[in-house]
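**Q** The amino acid sequence is not available; the structure is as follows:
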């Protein structure tokens, strides 16, 4: 069943601005992951945050996790045209190993 | 290091034919997952396999779909008697034996079109 819900569904910003995407889920998770998918391509893993972590950084990416609200956010700072893609959050439930994906946020960076 | 490999990348079948999708996991990975993506949607889990074992097939349709991961060779997702609704992108992912809940590495996908 689908549980990750991304917000917004689509986001269009100017190059250099920051982009924030949110994800909500419903179950008790082991970890939450963010993936990027360029149009017509496969998925690229961006970052994983465990249920006992609150914030994680990787380059221009910052992910937060609030397990009390069952939500996560992905912040991309100083956006570039190459960041244009769909971004998906995916959760791994406690005791499970499959990823449960949200519907994704389509991010467009305008030059 | 080769990543996850899938073939074919594109597959066209007529209704009623069979589709066979192949996935070779990353070197050293013995956990394989199959996901399906419909246009403009997220990926949906289908099946999770380890070598010679189906661990979780809760996302597999009850009929026409089967998956295997033999001791030797790639994982195969088989769709019998395809229908137009099977048209989608099918992605395979693999993960390390030691940390299966951690990062899954995705292949480029097979785009199936049923005419």
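**A** Received, thanks. Keep in mind that this is a model prediction, so the values were computed, not measured.
**Q** Touching, residue A:23 and residue A:69? I think so.
**A** No: between residue A:23 and residue A:69 there is no contact under C-beta atoms under 8 Å: 11.0 Å. C-beta: built from backbone N, CA, C; applies to glycine.
**Q** Of the two, which one has the most company?
**A** residue A:23 (27 against 9; other C-beta atoms under 10 Å in any protein chain shown).
**Q** Please list all residues in contact with the more buried one.
**A** Residues in contact with residue A:23 (C-beta atoms under 8 Å, 6 or more residues apart in numbering or on different chains) are A:4-7, A:32, A:34, A:71-74, A:89, A:102.
**Q** In chain A, where is pLDDT below threshold?
**A** Chain A contains residues with pLDDT under 70 at A:1-4.
**Q** Name the residues of it found near chain B, please.
**A** Proximity of chain A to chain B is confined to A:2, A:4, A:30-31, A:33, A:35, A:41-45, A:48, A:88, A:90, A:92, A:96-104 under the rule C-beta under 8 Å from any C-beta of the partner chain.
**Q** Report the buried members of the residues you listed.
**A** Listed as buried from the residues of chain A next to chain B are A:4, A:30-31, A:33, A:35, A:42-43, A:45, A:48, A:88, A:90, A:92, A:96-104; burial here means 16 or more other C-beta atoms under 10 Å in any protein chain shown.
**Q** returning to what we had before: may I see the PyMOL selection of the buried members of the contacts of residue A:23?
**A** To isolate the buried ones among the contacts of residue A:23 in PyMOL, judged by 16+ other C-beta under 10 Å, type:
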select buried, chain A and resi 4+5+6+32+34+71+72+73+74+89+102
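**Q** Counting only strands, which of the contacts of residue A:23 make the cut?
**A** Within those, residues falling in strands by DSSP state E are A:5-7, A:32, A:34, A:71-74, A:89.
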